[in-house]
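Asker: Need coordinates for the below:
(2 chains)
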There are 2 protein chains.
Amino acid sequence: MSKETQKKANSEKDISLNNMDSLEFSEWYNEILETAKIYDLRYPIKGCGVYLPYGFKIRRYSFEILRDLLDSTKHDETLFPMLIPETLLAKEGEHIKGFEDEVFWVTHGGKNELDVRLALRPTSETAIYYMMKQWLKVHTDLPFKIYQTVNTFRYETKHTRPLIRLREIMTFNEAHTAHSTKEECEAQVKEGMYVYSSFFEALSIPVLISKRPEWDKFPGAEYTTAYDTIYPDGKTMQIGTVHNLGQHFATTFDLEFETADGEKDYAYQTCYGISDRVIASIIAIHGDKNGLLIPPKVAPVQIAMIPLLFKGKEEKVLEKANEIYDKLKKFVRIELDTRDIRPGRKFNDWELKGVPLRIELGPRDLENGKVMIFRRDKNEKFDIAIEDLTAEYLAELMETIHKDMAEKAYKAFLGHIEILEAVESNLLLENIKEAINNRKVVLIPFNEELYNEEFEEETGASILGECEFEGNKYISIAKTY
Amino acid sequence: MSKETQKKANSEKDISLNNMDSLEFSEWYNEILETAKIYDLRYPIKGCGVYLPYGFKIRRYSFEILRDLLDSTKHDETLFPMLIPETLLAKEGEHIKGFEDEVFWVTHGGKNELDVRLALRPTSETAIYYMMKQWLKVHTDLPFKIYQTVNTFRYETKHTRPLIRLREIMTFNEAHTAHSTKEECEAQVKEGMYVYSSFFEALSIPVLISKRPEWDKFPGAEYTTAYDTIYPDGKTMQIGTVHNLGQHFATTFDLEFETADGEKDYAYQTCYGISDRVIASIIAIHGDKNGLLIPPKVAPVQIAMIPLLFKGKEEKVLEKANEIYDKLKKFVRIELDTRDIRPGRKFNDWELKGVPLRIELGPRDLENGKVMIFRRDKNEKFDIAIEDLTAEYLAELMETIHKDMAEKAYKAFLGHIEILEAVESNLLLENIKEAINNRKVVLIPFNEELYNEEFEEETGASILGECEFEGNKYISIAKTY
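Answerer: You can find the predicted model right below:
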C-alpha cells in the first residue's frame, strides 16, 4: 500500500463510538474525562469530583447559553439557600416520598445537635414555594418566573458515574414559574420546552421528547415532559425535564392569590431543570476514538494555532503566527501553541481536547501566503490564503461545523431508533426485546393497553413515555442510564 | 421661603448616612434590603436568605468583574465538592481548631448513618489541597493558580446579619495558588492584592489594608493581609483577605515536588477570598437616606428612562421615548418605565434602587429636542440635546459618576479615620477610647510594645493590624463587624 493510499484509508477508518457496548463506552468515557482534563474523580467521597479548568469552561459557556435563553424569555435569576428544614421538605407528602431515601441530613452544628434536621436540597421546590408564598398576593404578581443555578445532593447508593449520577450534582439549573390560569401554565410548559429545545440545538444534541408515564413523573407533578438523548451504547440519557405542577404544590404551600374578579384561587405552576448531564452528553454524543469534539459555541478553545518550526526558519513563521493570533483572538477563542514538542503531539493533544479547528503555519505555507486548516469534525485539511482568515469567514466556518455536527449526531441518533410498526401482537414483545438487545431505542405505535408498568417489566427495559416522532404518536422504550 | 429656595435647600440637606449610629444604620440596612428587593431574610433557617432578582444582578455584575480580573491574571476557574470528610478537614490541626465550633455536619444519608461525618465546607483549603497533591509532581507543574465561586457554611451562634454574617455564605470567591519558591509566593500575594485593589476600585469602595496581628491571622497561614472598609457607623468591615500560607499546608498535605535541580521541596502557597460582604458594602458605602446608589459598572439598571405623559400629548412623547430607549439599550442597561403611576413615584422608585442616571422626557423637552438628566449621586438635574445622547457621552458620564462616587466615599472614609500622633503615652489609651466612641477608626504610630492582645483588650476595640497609610506605618484600631 502506498503511503498516500494508507493515509486516505486511515482518514476513512470509522472512529465513531457507535459500535461500542456499554462497558467499552464507559471505559472510553472515564478515560476521556481524565485525559482531556474535564473532571477528576479522585475526591475522597463517592460520587463527588472536581471540575477541572477545561471542563469548567465547557460548563461555563454551555450554561451561559441557557442563562441567555432564560433571561431573554424574562426569567429572573435568583439564589435560594442550600439547606431545607425537614419540616419544610416533608410538607408535600408525594414529593418527599420520591426523595426521602436519597436525602443527606445535617444533624449537628459545631458540637450542638440541631433542633430540626436540615436537608441538603435534593431539589428546591419546597424552599422556593415557601418563599413564593411571601411574594404572591394578587393576580398582578403573576406570572412569576425565576431560575437559579445551584448544587443539589442525592445520597445515591447505586453505582455513581461522573457528571451523570453524582452525590453532589454540581450544576442544576432550575426554573420555577407561577401563573393565574391553567392555560397560561400550559403555555409556560411550551416556553420551557422552547428554551430547552433551543439549548440542545445550540449544542447539536439530538433529543427524543417523551411525556413520561404516570408512574415515572416528577413526584408532585401533574405530568412530566422529558428530553432524552441516545448514547453510543444505545442507552438513553434524560438530560432535561419540564413539569406541569398544576395546583398541587400551590395547594400545599398555600399559594393563594386574589384574581382580577376579587375571587381566590391557587397559582398554577411549572418547573424545569437541566444538570451536569448536558456536559456529559456533549462528551458522549460528539466524541470519537480520537477524543472529544466540542461544539464551537461552547468550545473553550475554538482554534488551536500551531506554527511548524523547522530549524533556521522558526523566527519568520513564529512572527507571522503571532500576527495571525493577535488578529484572530479579538473574535475567536484561540490558543497559540508554542510548546517545545513535536507538531504531531500537539495535533493529538488538541484533537483529544476536541478543539473544532486547527490552523497550521509552516515555512512553505508562509511562502505561499497560506495556512492549513484542519476540521476536527470531518477529519479534513485544506488551505486558505492568510488574508481570507476574517471574522466573517471563521464565523461562517464555525456555523458550518455546528450544522454538520448536528447532522452527524442526528444520523447516529436515527441509527439507534427502531420503529416497530405493523408487527403482529404476538411477535411484538420478542421484537422489542431483540431491538433493545441490538442497542436500539424502540418506538411502537401508541396503544393504551400496553401503556402500563406491567408491560414495561415484560420488555426488560424502560418505557420513556408517549412521544411524537415524525408526526406519529408512539410509546418509546429503551434501556436508560 | 420661595418655592425655588426651598427646592435648593432640600437638595442641600444632608442625606448621607454618616451621622448614624450602629442601631440606626442597622435599621436602614435591613429596610433597604427589603424595599429595594435585594435579599429576603424570611427563610425559615437563621442566617439563610434569598438573593432576589435585583440583588442577584448586582452580585452577578460585581463578581463578573472579579472573575475577569482573575482570568486576566491567569487564574483558572474550577469547582470543588461542597462536602469534606471529617478526616480530611481535621488533617491540619491549627486550621481545624479555627473552625471546629462552626462546622455543620452531615451524619445521615437517607436512613443510613454515614461511616465518616461530612462537613459542609467552612472554607475549601483541605478539599483543594488534597486534590493538588494528585496534580503537582514537578516544578514545571508550578505555578498553579485556580479559583472557584461557591457557597460556604458557618454555624454562627452569634447574631446573624444578611450578606454580612450568614450561616450560608452564598458567594465565596476563593483563589488558591502554589509556587516553587518563597519569592514567587510573595510575589503572588502582591498579585492577589492587585486583583482585590482593582476590584474595590471598580466598585468605588475605599479600603484600609492591614497586616493582621498574629492572633488574628487565618488559621494555618504565615500571615494574613486584610482589606477593611468603614461603614457609616464607624465600624470596619473585613471584605477581603490575602493569605501567605508558606509551606504550612503543603507539609500537611504532602505537596512535595521535584525541583529543577532534582531535589525535593514543598510547594509555597497563597490563598485569598472575597464574599457576599462586598455586596453588603456596595449598599452600605454608597447608600443614603433616599436609598441605594449602585456603582455604574455593576448597576443592574444604569439608566431609568421616564416619559412624562400628560393628557393628549402621550403619544408623541412615548414614541420618542421608545426611540431613545431602542437606541440606548444597545450600549447601556436601560429600563423604560411606562407604568401607569405618577412620575414622582417612579422617580422615588428608581432612586431607592440606586439607578445612577434617570432620563426624563416631557412634552416641553420634546419640543426643545432635549431630555432632562438626573444624576443620583449628585442629586442634580440638567438638560441635554437628544442627539447628544451618544454611547461616548454616556460612557464618559458613567466614568465621571464612578470617579465622583469614589471621591465622595473616600471623603467619608477619611472622615472616619483619626490619626493619633505625638500623643503622650499616658493619654494614648484614653484618646483611643474617645475616638472609638466617636465612631472613628484610630491609627497610632506603629509601636512593637503595644502590638499585642492585651493592649487590644484595653482599648475595648480590635487591632486590625499593621497598616501603611499615606506613607507611614500605623497600628489600626477599630470596632469591627
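Asker: separation between the residue of the stretch 251-400 of chain A found nearest chain B and A:I84?
Answerer: Using Cβ to the nearest Cβ, the closest approach of the stretch 251-400 of chain A to chain B is made by A:D276 at 10.0 Å. No exception for glycine: its C-beta is placed from N, CA and C like everyone else's. Applying Cβ to Cβ, to the nearest Å, the value for A:D276 to A:I84 is 21 Å.
Asker: the more surrounded of these two?
Answerer: With neighbours defined as other Cβ atoms under 10 Å in any protein chain shown, A:D276 and A:I84 compare such that A:I84 has more, 29 against 26.
Asker: now stretch A:112-119: mean pLDDT?
Answerer: Averaged over stretch A:112-119, pLDDT sits at 97.
Asker: I meant to write stretch A:473-481 there.
Answerer: 97.
Asker: Pull the residues that contact it.
Answerer: Outside stretch A:473-481, the residues that touch it by Cβ atoms under 8 Å, 6 or more residues apart in numbering or on different chains are A:161, A:164-165, A:208, A:210, A:228, A:230-231, A:234-238, A:419, A:432, A:436, A:441-447, A:450-451, A:456, A:459, A:461-469.
Asker: Give me the buried stretch members for that stretch, please.
Answerer: Across stretch A:473-481, burial judged by 16 or more other Cβ atoms under 10 Å in any protein chain shown covers A:474-481.
Asker: Is it possible to get a markdown table of these that adds secondary structure?
Answerer: Output for those, formatted as a markdown table (DSSP: H, G, I helix; E, B strand; the rest coil):
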| residue | secondary structure |
| --- | --- |
| A:Y474 | strand |
| A:I475 | strand |
| A:S476 | strand |
| A:I477 | strand |
| A:A478 | strand |
| A:K479 | coil |
| A:T480 | strand |
| A:Y481 | coil |
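Asker: Can you give me the pLDDT of A:K7?
Answerer: 49.
Asker: again with the one 4 residues further on
Answerer: At A:S11 the predicted local confidence, pLDDT, stands at 55.
Asker: give me the low-pLDDT residue ranges for chain A?
Answerer: Applying pLDDT under 70 to chain A flags residues A:1-12.
Asker: tell me, what residue is most central in it?
Answerer: A:V278 (1.4 Å; Cα atoms, centre = their mean).
Asker: my guess is that residue meets A:V207, correct?
Answerer: No. Look at A:V278 against A:V207 with Cβ atoms under 8 Å: they stay out of range, at 10.6 Å.
Asker: which residues are common contacts for these two?
Answerer: Residues touching both A:V278 and A:V207 (Cβ under 8 Å, 6+ apart) are A:200, A:239-240.
Asker: What is the neighbour count of A:D254?
Answerer: Neighbours of A:D254 (other Cβ under 10 Å): 12.
Asker: dump the residue contacts of it.
Answerer: A:K133.
Asker: Where does A:R59 fall, secondary structure wise?
Answerer: helix A:53-72 (DSSP states H and E).
Asker: how much space is there between A:W105 and A:E113?
Answerer: On the measure of Cβ to Cβ, A:W105 and A:E113 end up 12 Å apart.
Asker: Please identify which of the two sits among more neighbours.
Answerer: A:W105 (21 against 10).
Asker: Tell me who's in contact with that one.
Answerer: A:86, A:117-120, B:106-109.
Asker: Show only the entries of those residues found in strands.
Answerer: A:117-120, B:106-109 (DSSP state E).
Asker: Tell me which two of the residues you listed sit farthest apart.
Answerer: A:L118 and B:G109 (13.8 Å; Cβ to Cβ).
Asker: Please say which of the two ends up with more neighbours.
Answerer: For A:L118 and B:G109, the more surrounded residue by other Cβ under 10 Å is A:L118, and the numbers stand at 25 against 21.
Asker: who's in contact with that one?
Answerer: A:83-86, A:105-106, B:45, B:104.
Asker: And A:R358, how far from A:M405?
Answerer: 16 Å.
Asker: And A:V189, by the same measure?
Answerer: Taking Cβ to Cβ, one finds A:V189 at 29 Å from A:M405.
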